[in-house]
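Student: How does the following fold in three dimensions:
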Amino acid sequence: MSDAPAEHGLLFTTGDEGLPAGYVELAVGPDGAIRVGRRTPDAVVVRTGRIDPAMLKRVLSALRKARPGLAPDDPALDTPAAGGRRLAAIGVLPAGDSVWDDATAAPLPGVGNALQTLAAQILDPAAAGRLPSALIALDQPDPTPAEPTARPAAAIGTVAGRPAYALAEPGLGFGLVALEGAVPLGGSDTEAGVLPAAVALGTAAGRELFAVGGEDGAVQVWDAATGALLHGTAGGEGAQTVAAGLVQGVPLVFSAGREGEVQAWHAEDGRALGLLPVAGHGAAALCHARCADLDLVAAAGEDGLVRVWDAATGEQLHLLVGHTDRVTVLAVLTLGNQALLASAGLDGSIRLWDLATGQPVAELTGHSGTVTGLAFLTQGDDPLLASCALDGTLRTWDVFTGKALNGWPAERRWLTGLAAVEAAGRTVLVSGDESGSLTFWDPATGAGLGECVPAESGFPVNALAAGELHGRPVLAAGYGDGTLRLWDATLRTELRVTAPDGGPVTSVALCRTDDRPLVVCGTATGAVRCLDPRDGVTLSVPTPHTGAVTGLAFADPVEDGDALLVSAGADGTVRVRDALTGSPLLRLAADPRGVTALAVGPVAGRRAVATGGADGVVRLWDALDGRPGAELTGLGGPVEALALGLLGDRQVVVGGSADGGVLLWDAQDGSRVAELAGGDAAVRSMVFQNLDGEALLAAGDQRATLRLWHVASGTLLNEAGLDRVPLAIAFGDTGLHVVGPGGATTL
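Tutor: You can find the predicted model right below:
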């Protein structure tokens, strides 16, 4: 982070390093390049990218009309108020360089609020976004902390019927080792492609399993006895853009982020089906098409290239070259056994391609801003293409001749999505915009036909798609506050709204199977949501974690199903999968700041998940349907370790915090049961065990101290210093097994 503005551009700053929110700096270059940083007492986070020219144009226009600021060398700028805001414009305004500061007689003009919103939205993609996602393109998927966060992790279980442990250490890979004799039982080194952040041992259907979670969000599961890989998810950024369609009668979802490859998923159970390679460049737009009896997938993104694959085989058929900048939107028109692909983006041009041959058909020019929406429609017997852009205009084009037919402005709004629907016996266009409105248009005349406006307005429409539900035309719109709304296109009434989950919605796709329709959406944090629009129920949970895995646990089977694998991540989510097959079952948005501790166990006859966060709160969830349980409070620092157990006939949750505190709560009503006196170092591991009817708790801390309590009385039975930090603890026949960096010991 710099202490002065760039040679040319804008520099917006706010806050103070001593404040909890820290000091934020946003630098905007004259070409739209952005650099956002936040410095707090604990960390520095920096993100880079660019904003669309449409936003830069609006900001500079507002500054030209604003009250003049101060000269950069004005003495009034020497002593700004702590935590105040300042905006410097250097080399970008006709009137000369100028500085506005809220602590002076030249406070920031209103556009300063937009810059503050921009910085906040970039630094926290999971938060509600009041700026359209189309305005922002980032160079990296996640904030990068100044210091590495990886630390060793361990678990204790059995391998081939013998007690064993798993240990993962940064820079050393991971390994399985027998507790007796320290015999190596398998593992990996740093060349294995997995940077381990969490490990777990468990069983499912009589098989011993070993799971590893990576720093990139990947989760992989092996047969611990044979070393065979059973299933796994690829790490990566997740998905900001999605597409869906029937491929050989099977509903598939395609997803991609700003980096990595395009992922194919089975829509109804979330099984990963393979990758479509884009050289790691990711994609900003996806679509499914049908051409010459083939199912095709097209993807395009930052490099301006459009790739087309056979969806059934994964074979790349075409590489379409022509755009000079990022491609943001794709649309397909099927004409008998042929198909036409339209692509558009930042260069303002629209290109038409013959999908059968991959040859260009036409280039359509006329927009002066980034094209954000494309929709094919039919007027009479003739196919037309409609488009909208951040220049605030809509246009229609003759598909066969490429001739511009009509164009009209939309009240100078940023237009962010476009769809064509058959409503009330006529074809109409529907556009989404920065205000959150859906506006209906007559494509022949450009006349407005009405609007749909959410009750809670103010967040932009980021994505829009059209389809059918119960034989009626519907519109699925994704908003900057993370909600997905389904609208009746004929009555223009809201049919359903889903709660935010995974940050602002960035793309939407509709697909119909034989039994039910599907709505799929990608989000700003990379989550994919696949929903039944009739009731809003989640159907599958494709995509892995989009940050480091912070916890892994196997849940033993009870009367409600098979064994589960539960993973928690720095992305704030918990994922529940079938332990043996890897089929995704549930995704929980547990804590937007990241999950720091995880445990699973039975509560009231059902499997429960306990999660802890940086706020010191422990939360309980049903492992199968995601219903939230009690919130457990009282810890004085971030939750570092969790355990579930039975105290008499009472099911309890135990939490250990970063300040050394250890608390017990009733798992069903959330009441506090006990506080155990310990040390003041962070608790790193815990195990709850019933021996001969007595409940015992063992905990190890960051100062390599192990403590053993009799839980019912709260008596500290033993306290011992060790030669390593206890990362995992288990009661054995001969004593307590403790695993830490370098190996295991028995007390």
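
Student: neighbours of the closest residue to V399 other than its chain neighbours, just the number please.
Tutor: With sequence-adjacent residues excluded and distances taken as C-beta to C-beta, 6 or more residues apart in numbering, V399 is closest to P383, at 4.5 Å. The way it works is simple: take the backbone N, C-alpha and C, and place the C-beta from them, glycine included. P383: 17 surrounding residues under other C-beta atoms under 10 Å.

Student: Hmm, P383 is touching A375, no?
Tutor: No - taking C-beta atoms under 8 Å as the definition, P383 is not a contact partner of A375, at 11.2 Å.

Student: And the residue nearest to V399, which helix or strand is it part of?
Tutor: Using DSSP states H and E, P383 sits in strand 382-389.

Student: Partner strands of that strand, with direction?
Tutor: The pairing partners recorded for strand 382-389 under DSSP bridges are strand 371-379 (antiparallel), strand 393-398 (antiparallel).

Student: Of all those strands, which one is nearest L722?
Tutor: strand 371-379 (59.1 Å; C-beta to C-beta).

Student: how about the strands in the stretch 51-200 of the chain?
Tutor: 83-90, 98-101, 136-138, 153-159, 162-169, 173-178, 184-187, 196-204 (DSSP state E, counting those that start in this stretch).

Student: By mean pLDDT, show me the worst of those strands.
Tutor: Of all these, the minimum mean pLDDT falls on strand 184-187 (a mean of 84).

Student: Excluding its own residues, what touches that one? List them.
Tutor: 159-160, 164, 173-178, 224, 227 (C-beta atoms under 8 Å, 6 or more residues apart in numbering).

Student: one step back: the strand holding P383 - what's its average pLDDT?
Tutor: Average pLDDT, strand 382-389: 95.

Student: all strands of the stretch 451-600 of the chain, in order?
Tutor: 461-469, 472-479, 484-488, 493-498, 505-512, 517-523, 528-531, 538-540, 549-555, 564-569, 573-578, 584-589, 595-603.

Student: I'd like a version of those in a markdown table, one that adds distance to A197, mean pLDDT and mean neighbour count as further columns.
Tutor: Compiled in a markdown table, the strands of the stretch 451-600 of the chain are given as follows (distance: least, C-beta to C-beta, whole Å; pLDDT from 0 to 100; neighbours: other C-beta atoms under 10 Å):
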| stretch | distance to A197 | mean pLDDT | mean neighbour count |
| --- | --- | --- | --- |
| strand 461-469 | 31 | 94 | 24 |
| strand 472-479 | 31 | 95 | 24 |
| strand 484-488 | 31 | 95 | 22 |
| strand 493-498 | 31 | 92 | 16 |
| strand 505-512 | 26 | 91 | 25 |
| strand 517-523 | 23 | 89 | 27 |
| strand 528-531 | 22 | 85 | 26 |
| strand 538-540 | 25 | 72 | 21 |
| strand 549-555 | 5 | 94 | 25 |
| strand 564-569 | 9 | 94 | 27 |
| strand 573-578 | 14 | 91 | 24 |
| strand 584-589 | 19 | 85 | 22 |
| strand 595-603 | 12 | 94 | 24 |
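
Student: follow-up on the earlier one: output the strand holding P383 as PDB, nothing but the C-alphas.
Tutor: What follows is strand 382-389, C-alpha atoms only, in PDB (Å, rounded to 0.1, in the frame of the first residue of the first chain):
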ATOM      1  CA  ASP A 382     -37.400 -13.500 -38.700                       C
ATOM      2  CA  PRO A 383     -34.900 -14.100 -35.900                       C
ATOM      3  CA  LEU A 384     -33.500 -11.000 -34.200                       C
ATOM      4  CA  LEU A 385     -30.800 -10.400 -31.700                       C
ATOM      5  CA  ALA A 386     -31.200  -7.900 -28.900                       C
ATOM      6  CA  SER A 387     -28.400  -6.400 -26.800                       C
ATOM      7  CA  CYS A 388     -27.900  -4.000 -23.900                       C
ATOM      8  CA  ALA A 389     -24.800  -2.400 -22.500                       C
END
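
Student: Which positions in it come out as buried?
Tutor: Within strand 382-389, the residues that qualify as buried are 383-389, counting by 16 or more other C-beta atoms under 10 Å.

Student: who's in contact with the closest residue in space to N462 that isn't next to it in sequence?
Tutor: Leaving aside its chain neighbours, N462 sits nearest to S133 (4.6 Å; criterion: C-beta to C-beta, 6+ apart). Neighbouring residues of S133 by C-beta under 8 Å, 6+ apart: 240, 416, 460, 462, 480, 504, 506, 524.

Student: same check, this time on R707
Tutor: Contacts of R707 by C-beta under 8 Å, 6+ apart are 678-679, 698-701, 716, 718-719.

Student: rerun that using 7 Å as the cut-off
Tutor: 678, 699, 716, 719 (C-beta atoms under 7 Å, 6 or more residues apart in numbering).

Student: Look up which residues are beta-bridged to the residue lying closest to the third one once chain neighbours are set aside.
Tutor: Right, the one you point to is L716. Once flanking residues are discounted, L716 sits nearest to W709: 5.6 Å by C-beta to C-beta, 6+ apart. Here W709 sits in beta bridges with L697, L716, going by DSSP bridges.

Student: Sketch out the low-pLDDT regions of the stretch 301-450 of the chain for me.
Tutor: 412 (pLDDT under 70).

Student: can you rerun that using 80?
Tutor: Low-confidence segments of the stretch 301-450 of the chain (pLDDT under 80): 380, 411-412, 424.

Student: Let me see the contact set for the residue nearest in space to the middle of the chain.
Tutor: For the chain, the residue nearest the mean C-alpha position is T525 (2.2 Å; C-alpha atoms, centre = their mean). Going by C-beta under 7 Å, 6+ apart, T525 touches 125-126, 238, 502-503, 546, 571.

Student: Tell me the one among those nearest to V46.
Tutor: P125 (14.3 Å).

Student: need the contact list for the closest one.
Tutor: P125 touches 503, 524-525, counting by C-beta under 7 Å, 6+ apart.

Student: same thing with G660?
Tutor: Shown in contact with G660 (C-beta under 7 Å, 6+ apart): 678-683, 701.

Student: Are any of the residues you listed buried, and if so which?
Tutor: 678-679, 681-683, 701.

Student: follow-up on the earlier one: right, so of the strands of the stretch 51-200 of the chain, which gets closest to A344?
Tutor: A344 sits nearest to strand 136-138 of all the strands of the stretch 51-200 of the chain, at 15.2 Å, using C-beta to C-beta.
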